[in-house]
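Q: Have a look at this fold, sequence not included:
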């Protein structure tokens with residue numbers, strides 16, 4: 001293969017172990033071996049005949065690329081390995097090459113809905129890179145009526161536990177209720193929506209991701225999965241963020257609205 005020699009993290013990504021960035025963390029943690037020797041430093045290159053292992057299992061480059069949408073149930077984790085967990089989202093994908101897949105971004109254990117899996121490291125890196133601004137849309141239910149003033153604070157940005165603010169891009173109230181709302185994000189910090197609502201004094205009762213860019217959860221049943229269509233893959237890579245074709249409620253704001 002003409003790509004050899006290649007950096008170890010790139011090799012792991014092509015094997016479907018994880019994205020390049022996540023593969024670097026595996027290397028630093030001492031979980032990767034090359035020719036029976038543990039490697040912890042960056043910059044190591046491997047050749048086609050080298051034997052690479054992760055957590056004691058040999059990994060090889062897969063020629064076939066997979067792009068999968070899963071409706072993750074609540075109670076499942078997106079990590080492929082955690083000794084403290086029992087239910088893993090990837091295990092719901094009943095296909096022969098399942099072990100090659102890794103999740104694109106995360107959806108926390110208490111949340112449900114759309115999560116993407118792939119073995120294409122370049123695709124995963126593109127989806128998680130800030131410059132692509134891939135929209136992620138959620139339906140959130142809280143314990144009491146949501147105040148417009150609080151949502152406007154979230155649009156402007158809220159400083160909670162890090163130097164950069166937690167911020168939503170857009171919100172839409174669901175029909176006939178002020179306790180359920182659609183929230184759109186592009187940044188995707190860890191547990192961002194939960195932290196925002198908790199900071200504002202709300203208790204999140206349920207959180208479902210219903211869209212990633214141009215890919216919608218639609219009628220995919222909880223626990224089921226499907227392959228992405230070619231137009232969905234191309235749409236994600238081209239930055240296409242399809243929005244719902246419905247009349248928006250009056251009480252709707254975007255972060256880039258002009259305000260006096």
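A: All right, it came through fine. Remember, it's a predicted structure, so these values are computed and weren't measured experimentally.

Q: Give me the distance between residue 201 and residue 154.
A: 12 Å (C-beta to C-beta, to the nearest Å). Yep, even glycine has a C-beta here, placed from its N, CA and C like the rest.

Q: Residue 28 now?
A: Residue 28 is 34 Å from residue 154, by C-beta to C-beta.

Q: Residue 126 now?
A: According to C-beta to C-beta, residue 126 stands 27 Å off from residue 154.

Q: So for the two, which sits in the more crowded spot?
A: residue 154 (23 against 17; other C-beta atoms under 10 Å).

Q: Now that we're looking at the closest residue to residue 221 other than its chain neighbours, what pLDDT does it have?
A: Leaving out its chain neighbours, the residue that sits closest to residue 221 by C-beta to C-beta, 6 or more residues apart in numbering is residue 71, at 6.3 Å. Here the pLDDT value assigned to residue 71 is 98.

Q: What degree of burial does residue 71 show, as a neighbour count?
A: Using other C-beta under 10 Å: residue 71 sits among 23 other residues.

Q: Adjacent strands (with direction) for the helix or strand containing it?
A: Using DSSP states H and E, residue 71 sits within strand 67-72. Applying DSSP bridges, strand 67-72 is found paired with strand 112-118 (antiparallel), strand 225-227 (antiparallel).

Q: Can you pull out the residues in contact with the shortest one?
A: For strand 225-227, the surrounding residues in contact (C-beta atoms under 8 Å, 6 or more residues apart in numbering) are 66, 67, 68, 69, 70, 71, 92, 93, 117, 220.

Q: for that strand, which positions count as buried?
A: Under the neighbour-count criterion of 16 or more other C-beta atoms under 10 Å, strand 225-227 has residue 225 buried.

Q: for whatever helix or strand comes next after it, packing partners?
A: Once strand 225-227 ends, the next helix or strand along the chain (criterion: DSSP H and E) is helix 230-237. Judged by 3 or more C-beta pairs under 8 Å, 6 or more residues apart in numbering; DSSP states H and E, helix 230-237 is in contact with helix 121-128, strand 215-216.

Q: so which of those gets nearest residue 189?
A: helix 121-128 (12.0 Å; C-beta to C-beta).

Q: Could you check how far that closest one is from the centre of its chain?
A: Relative to its parent chain, helix 121-128 has a centroid offset of 10 Å by C-alpha atoms, centre = their mean, to the nearest Å.

Q: what sits against residue 215?
A: Applying C-beta under 8 Å, 6+ apart, the residues contacting residue 215 are 69, 114, 116, 228, 232, 235, 236.

Q: Likewise for residue 3?
A: Counted by C-beta under 8 Å, 6+ apart, residue 3 has contacts residue 14.

Q: how would you label it: helix, strand or coil?
A: What DSSP: H, G, I helix; E, B strand; the rest coil gives for residue 3 is coil.

Q: Looking at it now. What's its pLDDT?
A: 80.

Q: just the one 3 residues further on next, same as before
A: At residue 6, the predicted lDDT confidence score is 92.

Q: isn't it right up against residue 43?
A: No - using C-beta atoms under 8 Å, residue 6 is not in contact with residue 43; the gap is 11.6 Å.

Q: sorry, back to before: next one: the residue nearest to residue 221 from residue 88, what distance?
A: In terms of C-beta to C-beta, residue 71 sits 15 Å off from residue 88.

Q: again, but for residue 111
A: From residue 111 over to residue 88 the distance is 15 Å, taken as C-beta to C-beta.

Q: who has more neighbours, the two?
A: Higher neighbour count among residue 111 and residue 88: residue 111, with 23 against 15, using other C-beta under 10 Å.

Q: can you tell me the helix or strand for the closest residue to the more buried one other than its chain neighbours?
A: Leaving aside its chain neighbours, residue 111 sits nearest to residue 207 (4.3 Å; criterion: C-beta to C-beta, 6+ apart). Using DSSP H and E, residue 207 maps to strand 204-212.
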